[in-house]
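Chemist: this one's structure only:
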């Protein structure tokens, strides 16, 4: 569940005059089902919910607490320690997890409208939540981390300010405790990254579906309107243009991902030559080893240095033994997620815990 859907729903519910509760995981220790930044919206007496904070008995318990707070604006911190025995219904992970429960009335509508608009417009910002149990929520959207001191009415030490800047730059969330005992939670607010898919064939069709489900925005570029259209790609922006001129129609930045799966190797080469000149976070091109080496050689002959071409992920995707178009598309989107979350590090081995020796 992405934050945009939660903020949109919060806006919708507040407009009806109902109060809402926003639950956020603000810290964890050890192994926990919910991770920092997980969110859930709670409203109505039923109650209705959207999102998740980890599932299971813990989630049900926190939903119950949130429901009981819906009568008025309030905020509360709940810390739960997961059991270490098999009969503990909360789980046997052994870690601990801390939740911030904030309840809002219609006065908070401008905030959630602002959050919705910021994410939809891909504007960057910082969401600041002052942790003050027993008081109405103090939550505000700031343009950058430098505004936190004034918004929270505190003087941050240089070390704390630097730490916050680094967290926001990495789009991470964290609970911060200052020297005077003030506690607040910070979150980077940023629109979903854009995946530019060059090519609109059968492989692109599945890549777009998987990438959308992983909260990427999608732009599909092709010179064939019978392939690049809203009927085939209802959730994507469509650009029908020749591959030689399409880069004049798009804006690539450091939050962009380029996937090259055109109808032929000549078109792939045309796109790649332009792609490596951008600041894209990721560039991937489909192809066999022979095709890739041939294209690289051509581009080097045109003056593109080896270190520039080393940015390219090709053959594209994480190896999962994929055979069908659906599986190949899945391997590609797995690589997009890996780059987004872990960066350009070597692929991780399969996570597997061996059984204990008796």
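Modeler: Looks like it arrived, so ask away. Since the structure is predicted, the reported quantities are computational estimates derived from the model, not experimental observations. Numbering: from 1, shown residues only.
Chemist: can you give me the helices in the stretch 201-350 of the chain?
Modeler: 202-213, 265-275, 289-301, 306-309, 325-342 (DSSP state H, counting those that start in this stretch).
Chemist: how close does the nearest residue to residue 206 once chain neighbours are set aside get to residue 18?
Modeler: Computed as C-beta to C-beta, 6 or more residues apart in numbering, the closest residue to residue 206 that is not its neighbour in sequence is residue 329, at 3.5 Å. Heads up, the C-betas are built off the backbone N, CA and C, glycines and all. Distance, residue 329 to residue 18, using C-beta to C-beta, to the nearest Å: 40 Å.
Chemist: wait, isn't residue 256 in contact with residue 247?
Modeler: No. Because the distance of 11.5 Å does not satisfy C-beta atoms under 8 Å, residue 256 is recorded as not touching residue 247.
Chemist: list the residues that contact both of these two?
Modeler: residue 278 (C-beta atoms under 8 Å, 6 or more residues apart in numbering).
Chemist: could you point out where this structure is predicted with low confidence?
Modeler: Confidence mapping of the chain against pLDDT under 70 gives the ranges 1, 83-94, 347-353, 358.
Chemist: at 80 what do you get?
Modeler: Residues of the chain that meet the criterion pLDDT under 80 lie in 1, 83-94, 345-358.
Chemist: Tell me who's in contact with residue 20.
Modeler: Per C-beta under 8 Å, 6+ apart, neighbours of residue 20: 10, 13, 14, 41, 42, 43, 70, 103, 104, 108.
Chemist: okay, now the domains of the chain?
Modeler: Here the domain assignment for the chain is 3-108, 109-189, 194-342, based on automatic domain parsing.
Chemist: Could you check which of residue 329 and residue 18 is surrounded by more residues?
Modeler: The residue with more neighbours, out of residue 329 and residue 18 and counting by other C-beta atoms under 10 Å, is residue 329; that gives 24 against 15.
Chemist: so that one touches residue 207, yeah?
Modeler: Yes. Here residue 329 reaches residue 207: they are 4.5 Å apart, a contact under C-beta under 8 Å.
Chemist: ok so, going back, can you put the domains of the chain in a markdown table and add distance to residue 355?
Modeler: Formatted as a markdown table, the domains of the chain follow (distance: least, C-beta to C-beta, whole Å):
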| stretch | distance to residue 355 |
| --- | --- |
| domain 3-108 | 16 |
| domain 109-189 | 34 |
| domain 194-342 | 24 |
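Chemist: quick one, which of these is nearest to residue 354?
Modeler: domain 3-108 (16.9 Å; C-beta to C-beta).
Chemist: Would you mind measuring the gap between the ends of the closest one?
Modeler: 16 Å (C-alpha to C-alpha, to the nearest Å).
Chemist: do you know which of the helices of the stretch 201-350 of the chain lies nearest residue 82?
Modeler: helix 325-342 (23.7 Å).
Chemist: In TSV: the contacts of residue 20, plus neighbour count.
Modeler: As requested, the contacts of residue 20 are exported to TSV (neighbours: other C-beta atoms under 10 Å):
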residue	neighbour count
10	25
13	22
14	22
41	23
42	26
43	25
70	20
103	25
104	25
108	21
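Chemist: Understood, closing this out.
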